[in-house]
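Participant: Got a predicted structure plus its sequence, pasted below:
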Amino acid sequence: MVIDGFGRPLSTLRLSVTDRCNLRCSYCMPEATYQWLEKPHLLSFEELARVVRILRAYGLDRVRITGGEPLLRQDLPKLVAMLAAVGVSDLSMTSNAVLLARSASDLLLAGLKRLTVSLDTLKPDVFVKLAQRDELAAVRLSLDLVAGLGFHELKLDTVLVRGINHDEAVDLVRFAGDLGAEIRFIEYMDVGGATGWRPDLVVSQAELLQILAGAFGEAVALPGRGAAPAQRFRLGNGQTIGIVASVTQPFCADCDRLRMTADGQLLACLYAKTGLDVRTSLRRGDSDDQIGHQIGDFWRSRVDQGALQRAGMLERSGYVSLEELRTNPRLEMHTRGG
Ligand code: SAM
Ligand code: SF4
């Protein structure tokens, strides 16, 4: 086990396997095109699995595959099988589910345990407004399919943006209940630079709980959160939901999360501007021990508390400028896994 400068262990990896996406969510990657990561720089499945194996010796126990849209990566079930063979106790994936129907069974068979699908609206026209693509029908089809497949857990992730989908919280909770999925609302974060984030667009945990209390009765916070980003609540109707209040109640103090971009840059925080270049170490022939030591040192020197620092700012707008974003492909949310 390795502990950072604030006593936080390295337990979880958000493993981004591509920076590409088939949607253009307004809160994530609204631009038509970006400065993409260079194809030859993307880590191969063997390289990704090797990093996970090395991290295993430093206490890593949970891996979440993400992107961009992870299902745009060819043969993803093959990677899942390779990661499952490494032996982490929790292997999960977050996807927009546009392409999920065709590979869901293979992913399950390959060893994917838990699945999170991002779903922000039940209205086709709002989907188009939010994601700039007309794909809600494909997402709903995938959800119907995976709900019956037997994943250990199916979750929905929702970002509410005031003025776009903030009036759908109650309907989305009901939808999740009918599907047998737990819904998690993520406060709209100011990562990246093209999203046009403003504080007034964020639907806070406090406001959301008030809206839900109006429909379901008072919610009760559930104990035992640990290092999980979401605070879970039992609603008046007995349904359980989660809220990731990263803007109004940052959970930096418990953050055990390392991120890796698809081109092998380790990031110690969602807001980190630089990280550790593992790709170079892998490709110049460093041994597992050498790479492990580099990662261990990197984690031990970690003092990041990005969301907490942002919360303390009086004037707050997008994290980086568009100009900065155009010179560095790794600053927007879609390269750092959400
Ligand atoms: N494409 C996949 C998806 O949408 O599920 C995986 C990658 S996406 C970057 C991972 C998660 O990040 C999604 O649940 C998305 O809602 C969330 N996300 C993206 N931008 C966000 C933002 N600005 N604030 C909060 N959550 C965000
Ligand atoms: Fe794509 Fe996911 Fe970002 Fe939406 S949230 S643009 S689906 S990476």
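Facilitator: Perfect, I can see it now. This one's a predicted model, so the numbers in the text were calculated from it and none came from an experiment. Ligands and ions are numbered 1, 2, ... in the order given.

Participant: Show me which residues of the stretch 1-150 of the chain sit near ligand 2.
Facilitator: Proximity of the stretch 1-150 of the chain to ligand 2, by CB under 6 Å from any ligand atom, involves residues 21, 23, 24, 25, 28, 29, 67, 68, 69, 96, 118. Using the backbone N, CA and C atoms, a C-beta is placed for each residue, glycine as well.

Participant: can you tell me which helix or strand the fifth one belongs to?
Facilitator: Just to be clear, that refers to residue 28. Per DSSP states H and E, residue 28 falls between elements, in no helix or strand.

Participant: re the thing from before, out of the residues of the stretch 1-150 of the chain next to ligand 2, who's near ligand 1?
Facilitator: Among those, proximity to ligand 1 is found for 21, 28, 67, 69, 96, 118 (CB under 6 Å from any ligand atom).

Participant: that older thread, which of the residues of the stretch 1-150 of the chain next to ligand 2 sits closest to residue 309?
Facilitator: The closest of these to residue 309 turns out to be residue 28 (CB to CB; 21.3 Å).

Participant: Contacts for stretch 125-133 next, please.
Facilitator: 22-27, 30, 96, 98, 120-121, 134-136, 139, 161, 164-165, 168 (CB atoms under 8 Å, 6 or more residues apart in numbering).

Participant: Mind doing that once more with 7 Å?
Facilitator: By CB atoms under 7 Å, 6 or more residues apart in numbering, the residues outside stretch 125-133 that reach it are 22, 23, 24, 25, 26, 120, 121, 134, 135, 136, 164, 165.

Participant: Now that you've got those residues, can you turn the buried subset into something I can paste into PyMOL?
Facilitator: Here is the PyMOL selection string for the buried members of the contacts of stretch 125-133, based on 16 or more other CB atoms under 10 Å:
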select buried, resi 22+23+24+25+26+120+121+135+136+164+165
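
Participant: if you look at the contacts of stretch 125-133, which of them are in helices?
Facilitator: Using DSSP state H, the subset of those located in helices is residue 136.

Participant: which of the contacts of stretch 125-133 lies closest to residue 157?
Facilitator: Among the contacts of stretch 125-133, residue 120 lies closest to residue 157 (CB to CB), at 8.5 Å.

Participant: got the residue ranges for the helices in the stretch 151-300 of the chain?
Facilitator: With DSSP state H, counting those that start in this stretch, the ranges of helices along the stretch 151-300 of the chain come out as 169-179, 205-216, 278-283, 288-300.

Participant: Extract the C-alpha trace of the second one and format it as CSV.
Facilitator: Presented in CSV, the C-alpha positions along helix 205-216 are these (Å, rounded to 0.1, in the frame of the first residue of the first chain):
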residue,chain,number,x,y,z
GLN,A,205,-27.0,18.6,-3.6
ALA,A,206,-29.1,20.8,-1.2
GLU,A,207,-31.3,21.9,-4.0
LEU,A,208,-31.7,18.5,-5.4
LEU,A,209,-32.6,17.0,-2.1
GLN,A,210,-35.3,19.6,-1.7
ILE,A,211,-36.7,18.8,-5.2
LEU,A,212,-36.7,15.0,-4.4
ALA,A,213,-38.3,15.6,-0.9
GLY,A,214,-41.2,17.3,-2.7
ALA,A,215,-41.8,14.2,-4.7
PHE,A,216,-40.8,11.3,-2.5
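
Participant: Can you spell out which helices and strands pack onto that helix?
Facilitator: Judged by 3 or more CB pairs under 7 Å, 6 or more residues apart in numbering; DSSP states H and E, helix 205-216 is in contact with helix 169-179.

Participant: Quick one: residues in contact with the helix it packs on.
Facilitator: Helix 169-179 has contacts (CB under 7 Å, 6+ apart) with 122, 143, 147, 156, 158, 160, 182-183, 185, 208, 211-212, 215, 239, 241.

Participant: Any quick ChimeraX command for the buried ones out of the residues you listed?
Facilitator: Applying 16+ other CB under 10 Å to those, the buried members can be selected in ChimeraX as follows:
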select :122,143,147,156,158,160,182,183,185,208,211,212,239,241
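
Participant: what's across from whatever residue of the stretch 101-250 of the chain ends up closest to ligand 2 in the sheet?
Facilitator: Of all residues in the stretch 101-250 of the chain, residue 118 sits closest to ligand 2, at 5.6 Å by CB to the nearest ligand atom. For residue 118, the beta-bridge partners are residue 157 (DSSP bridges).

Participant: quick one: it from residue 268, how far?
Facilitator: Distance, residue 118 to residue 268, using CB to CB, to the nearest Å: 24 Å.

Participant: same deal with residue 240?
Facilitator: Computed with CB to CB, the distance linking residue 240 and residue 268 is 31 Å.

Participant: Check residue 67 too.
Facilitator: With distances taken as CB to CB, residue 67 is found 20 Å from residue 268.
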